[in-house]
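Q: task: produce atomic coordinates for the following.
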Amino acid sequence: MNQTLTLAFLVAAGIGLVVQNTLMVRITQSSSTILIAMLLNSLVGIVLFVSILLIKYGFAGFHELAANVRWWTVIPGLLGSFFVFASISGYQYVGAATTIAVLVASQLIGGLVLDIVRSHGLAWRALVGPVCGAVLLVIGAWLIARRQF
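A: Residues are numbered from 1 along each chain as shown. Below you'll find the model as predicted:
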């Protein structure tokens, strides 16, 4: 996949996330708990991925899946579920813009820290641009989060 297509997918995923979270808030409002929306989201994903795995690899895909289960392989699912929960709660209680701004700023800071840790011997001069960008994004998130409608 080339860079342009990858960026297009990222843009589409970002827009899709706004639509997804908006619909999940609606589901939450019409049910007794946020868990209903989260379970529906997860069930659709499970059915989709099980179907694709079965079609593409047959029962050998399930054997490989079972062979790759370790204690730590549940962590991404737990973090993903927490992300979905936090996103739905954010949309419901502080609005879409604030939720997105805070999530993006925190993801950028986490990503920047990870990139710095992974790049052994990175010159501090190379960090000026990314750190300035992160600071500006955090300031922008703060400005969005403090707004009143």
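Q: tell me the SS of residue 83?
A: helix (DSSP: H, G, I helix; E, B strand; the rest coil).
Q: against residue 64, how distant is it?
A: 26 Å (C-beta to C-beta, to the nearest Å). Just so you know, the C-beta spots here come from the backbone N, C-alpha and C atoms, and that holds for glycine as well.
Q: now do the buried residues in stretch 102-110.
A: 102-103, 105, 108 (16 or more other C-beta atoms under 10 Å).
Q: before we move on, what about stretch 86-101?
A: Using 16+ other C-beta under 10 Å as the test for burial, stretch 86-101 gives 87-88, 90-92, 96-101.
Q: does residue 120 count as helix, strand or coil?
A: What three-state DSSP gives for residue 120 is coil.
Q: that one: neighbour count?
A: A total of 6 residues lie near residue 120 under the criterion other C-beta atoms under 10 Å.
Q: what pLDDT does it get?
A: Per-residue pLDDT puts residue 120 at 80.
Q: circling back: any chance of the buried residues of stretch 102-110 in a markdown table, plus distance to residue 69, secondary structure and pLDDT?
A: Shown next, in a markdown table, are the buried residues of stretch 102-110 (distance: C-beta to C-beta, whole Å; DSSP: H, G, I helix; E, B strand; the rest coil; pLDDT from 0 to 100):
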| residue | distance to residue 69 | secondary structure | pLDDT |
| --- | --- | --- | --- |
| 102 | 33 | helix | 92 |
| 103 | 29 | helix | 93 |
| 105 | 34 | helix | 92 |
| 108 | 32 | helix | 91 |
